[in-house]
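>>> Sequence first, predicted coordinates after that:
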Amino acid sequence: MSQAAVITAYNEPLEVRDIAPPKLEKGGMICRVDAATLCATDVKIWHGAIDYGPILPYIPGHETASIVEEIDGERSDILGEPLKPGDRVIVAYRFCGHCFHCTIGQQPNLCPNATRYGRVRADVHPYLLGGCAQQHYFPEGADVIRIPDEVSSALAASAACAFRTVMHGFERLGGIGSSEDVLIQGSGPLGLFATAVARDRGARRVFTIGAPAARLKVAKDMGADEICNIEEFNRQQRKEWLLDMTSGRGPDVVVQCVGAEAVGEGLDLVRRGGRFLSIGAGSGDQTIPGAIFTNKNLTLVGVLSGMAHHFYQALDFLATRKNTFPFDNFITGTYRLDQTTEALEAMAAYKEVKPVIYPNA
């Protein structure tokens, strides 16, 4: 049996249950969870703010670093190297490979038939599809990425959602010129990773706005030249602050890492002829002037999730830039499996940047 933290009702404490591992299907893989980090999406699903249909009861956690225990048959990582028990890995979602988006569109991240972890019923086969459990099942067809020795399991887990999405977003955005100022909206995991990437890609200056102060301190560590606390400055004051530092134009690039509520402000702040990258999802409606896209001659880019090569890029960034950016500052709290409720509550209250669950501790 494998112990798992299970959400049986929205907004209610989780239950630790014994769940039998599934019988492996051809190519299926059972892994021991080494570390599982939580993100804002986990909190929103627990609150019932995102409708994924009838998923109760389910095991939360879609950012998971694990150790291979058993494989039915042969299986390789994305570099074609055979996998074996003991390998430390993160695993991408499984895409169906035969829908329009997987084939004609070449956009598997939009696959409507994808198996997405951390929001799948735990009472139907294959049961263990969430990171907050001692074991995790990974179906055949899901791309596997080995974790470099230089990267801790906790940081590798965080790369499996926030960071891979940031890497996908910057890929779609294109290059950043050495004369370009970049504004990052948000100081959560998405915004902090985006701050580091913008710094690394050669931006002239990087500005990060967000809250609370503890997260903004991490943003400075990640390469932000200037920070602005939204708890201390209102929207108009933030605009004046940015215009003052950009000769009245506004930043060349705005990267939205908060959610729908930040889109309007981001479009207002980006300079005429600039680029706007929207990563944060969130919920709610925004009222945006209908002519803003035309009158400002904007380039707009949206991004959802990521593919296997974005997972690989995120891990490579963590491994090769570990002496440049203090990534360990992301991990702000550690929890046992039976403390998963407390971890979700702390994330919801912005007390954590990245809480990590160690189910086998």
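Right, received. Where do you want to start? Keep in mind the model is a prediction, meaning the values are calculated, not measured.
>>> how about the residue nearest the centre of the chain, what does it touch?
Most central in the chain under CA atoms, centre = their mean is residue 162, positioned 1.7 Å from the mean C-alpha point. Contact partners of residue 162, counting by CB atoms under 8 Å, 6 or more residues apart in numbering, are 39, 63, 189, 190, 193. Bear in mind the C-beta positions are built from the backbone N, C-alpha and C, glycine included.
>>> Among these, pick out the one closest to residue 356, please.
Of all the contacts of residue 162, residue 63 has the smallest distance to residue 356: 9.1 Å, by CB to CB.
>>> Specify the beta-bridge partners of that closest one.
residue 37 (DSSP bridges).
>>> what does residue 7 give?
residue 58.
>>> What is the burial count for it?
For residue 7, the neighbour count with other CB atoms under 10 Å is 27.
>>> likewise residue 253?
26.
>>> Please apply the same query to residue 232.
Per other CB under 10 Å, the neighbour tally for residue 232 reads 10.
>>> So it belongs to a strand, correct?
No: counting by DSSP: H, G, I helix; E, B strand; the rest coil, residue 232 is not part of a strand but coil.
>>> Check the spacing between it and residue 210 real quick.
Distance of residue 232 to residue 210, given as CB to CB, to the nearest Å: 11 Å.
>>> and what of residue 349?
Using CB to CB, residue 349 is found at 15 Å from residue 210.
>>> Just want to know which of these two has more residues nearby.
Shown here are residue 349 and residue 210; by other CB under 10 Å, residue 210 has more neighbours (27 against 10).
>>> Tell me which helix or strand the nearest residue to the more buried one once chain neighbours are set aside sits in.
Once flanking residues are discounted, residue 210 sits nearest to residue 187: 2.9 Å by CB to CB, 6 or more residues apart in numbering. Using DSSP states H and E, residue 187 is not contained in any helix or strand.
>>> tell me the contacts of residue 187?
Contacts for residue 187 (CB under 8 Å, 6+ apart) come out as 208, 209, 210, 211, 215, 216, 218, 219, 227.
>>> quick one: pLDDT of it?
In this model, residue 187 is scored at 95, pLDDT.
>>> before we move on, back to that, with neighbour count and distance to residue 238 as added columns, please give the contacts of residue 162 in TSV.
Compiled in TSV, those are given as follows (neighbours: other CB atoms under 10 Å; distance: CB to CB, whole Å):
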residue	neighbour count	distance to residue 238
39	23	25
63	29	30
189	27	21
190	27	19
193	30	22
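>>> now stretch 69-80, how far from the chain's geometric center?
The chain centroid and the centroid of stretch 69-80 are separated by 25 Å under CA atoms, centre = their mean, to the nearest Å.
>>> Ends of it, what's the gap?
The straight-line separation of the ends of stretch 69-80 (CA to CA, to the nearest Å) is 19 Å.
>>> Would you mind listing the buried residues in it?
For stretch 69-80, a neighbour-count test (16 or more other CB atoms under 10 Å) marks 71, 75, 77 as buried.
>>> how many other residues sit next to the closest residue to the first one other than its chain neighbours?
When you say that, I think you mean residue 71. Leaving aside its chain neighbours, residue 71 sits nearest to residue 29 (4.8 Å; criterion: CB to CB, 6+ apart). Residues lying near residue 29 (other CB under 10 Å) number 25.
>>> Kindly report the same for residue 182.
28.
>>> looking at it, it is touching residue 209, isn't it?
No: using CB atoms under 8 Å, residue 182 is not in contact with residue 209, being 11.9 Å away.
>>> Setting the sequence-adjacent residues aside, check what's closest to residue 196.
residue 222 (4.3 Å).
>>> Now do the helices in this protein.
Counting by DSSP state H, the chain has helices at residues 40-46, 153-158, 164-173, 189-200, 213-221, 235-245, 263-269, 292-295, 308-320, 340-348.
>>> As TSV, these with distance to residue 96 would be great.
Shown next, in TSV, are the helices of the chain (distance: least, CB to CB, whole Å):
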stretch	distance to residue 96
helix 40-46	21
helix 153-158	25
helix 164-173	19
helix 189-200	27
helix 213-221	37
helix 235-245	43
helix 263-269	30
helix 292-295	33
helix 308-320	15
helix 340-348	30
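>>> now for the ones you listed, which one comes closest to residue 4?
Nearest to residue 4 among those is helix 340-348; the distance by CB to CB comes to 9.4 Å.
>>> buried sites along that closest one?
Buried, per 16+ other CB under 10 Å, within helix 340-348: 340, 341, 343, 344, 345, 346, 347, 348.
>>> hang on, the earlier thing: can you tell me which of the contacts of residue 187 lies closest to residue 88?
residue 218 (25.4 Å).
>>> Any idea how many residues pack against that closest one?
Neighbours of residue 218 using other CB under 10 Å come to 25.
>>> And for residue 307?
So residue 307, with other CB under 10 Å, has 20 neighbours.
>>> and residue 321, how many residues sit next to it?
Each residue near residue 321 was counted by other CB under 10 Å, and the total is 14.
>>> Now the phi/psi pair for it, please.
Per-residue torsions, residue 321: phi -110, psi 20 (degrees, to the nearest 10).
>>> what's the nearest residue to it if we skip its chain neighbours?
Closest to residue 321 by CB to CB, 6+ apart is residue 200, at 6.5 Å.
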